[in-house]
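1. Provided below for reference: sequence and predicted model.
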Amino acid sequence: MQNEVQDQVCSTFMEVVEKLTFMFGEVVPKEEVHSPGTKFTLASMSFTGDVKGLLSAAVPTEMTAEIAANILGLEPEDIESEEMKNDALAEMLNVVCGHVIMALVGTGANFKLDSPLTCPVDEMTYNAMLDSDEFVGLMLDDSPVFLGLKLEK
């Protein structure tokens, strides 16, 4: 990501996630979010319109219950369904994506969001996120998060 765009995307992500999930974040060097052995879940979604691209967020799989609980106003131990956890992560990304587009293009932005998809992160994908300039590292409530944006021209 370009620095100016990256700053805007990261600040928008943290602002939206704070309001939606009551979790607080900060941007950190990717080396600090490198956590071998941690299983991650990736949510990604593409968008078209005034700007076209793909937004992705990878969070520790164990964190998805906390995200779901905070969105739904429940306790994390009450969230047992993997589908519910993944749906909450996808919904968080959906809300973030709309706000990111408006931050980049303006509040009158014309855009269409595709449905977000979630999947486990394998070792190859994890290493690709670490190596890619399209991903940045964040700590969200002391948990590592990767946030990626790929804009098409």
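-> Perfect, I can see it now. Computed from a predicted structure; not experimentally measured. Numbering: from 1, shown residues only.
2. Show me which residues of whichever helix or strand residue 98 is part of are buried.
-> Using DSSP states H and E, residue 98 maps to helix 82-105. Using 16 or more other Cβ atoms under 10 Å as the burial criterion, the residues of helix 82-105 that qualify are 84-94, 96-101, 103-104. The way it works is simple: take the backbone N, C-alpha and C, and place the C-beta from them, glycine included.
3. What part of the protein, helix or strand, is modelled with the least confidence?
-> helix 30-33 (a mean of 85; mean pLDDT, DSSP states H and E).
4. After that one, which helix or strand is next? Please name it.
-> strand 40-49.
5. Direction-wise, compare that following strand with helix 82-105 and give the angle.
-> 40 degrees (axes from the mean of the first three to the mean of the last three Cα atoms, to 10 degrees).
6. Quick check: what element follows strand 40-49 along the chain?
-> Beyond strand 40-49 on the C-terminal side, the first helix or strand identified by DSSP H and E is strand 52-60.
7. pLDDT on that following strand, on average?
-> Average pLDDT, strand 52-60: 97.
8. Name the surrounding residues that touch it.
-> The contact list for strand 52-60 (Cβ atoms under 8 Å, 6 or more residues apart in numbering) reads 9, 13, 35, 38-47, 67, 89, 92-93, 96-97, 100, 121, 126, 129, 135, 140, 143-152.
9. Can I get the buried part of those residues as one ChimeraX selection?
-> Per 16+ other Cβ under 10 Å, the buried members of the contacts of strand 52-60 correspond to this ChimeraX selection:
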select :9,13,38,40,41,42,43,44,45,46,47,67,89,92,93,96,97,100,121,126,129,135,140,143,144,145,146,147,148,149,151
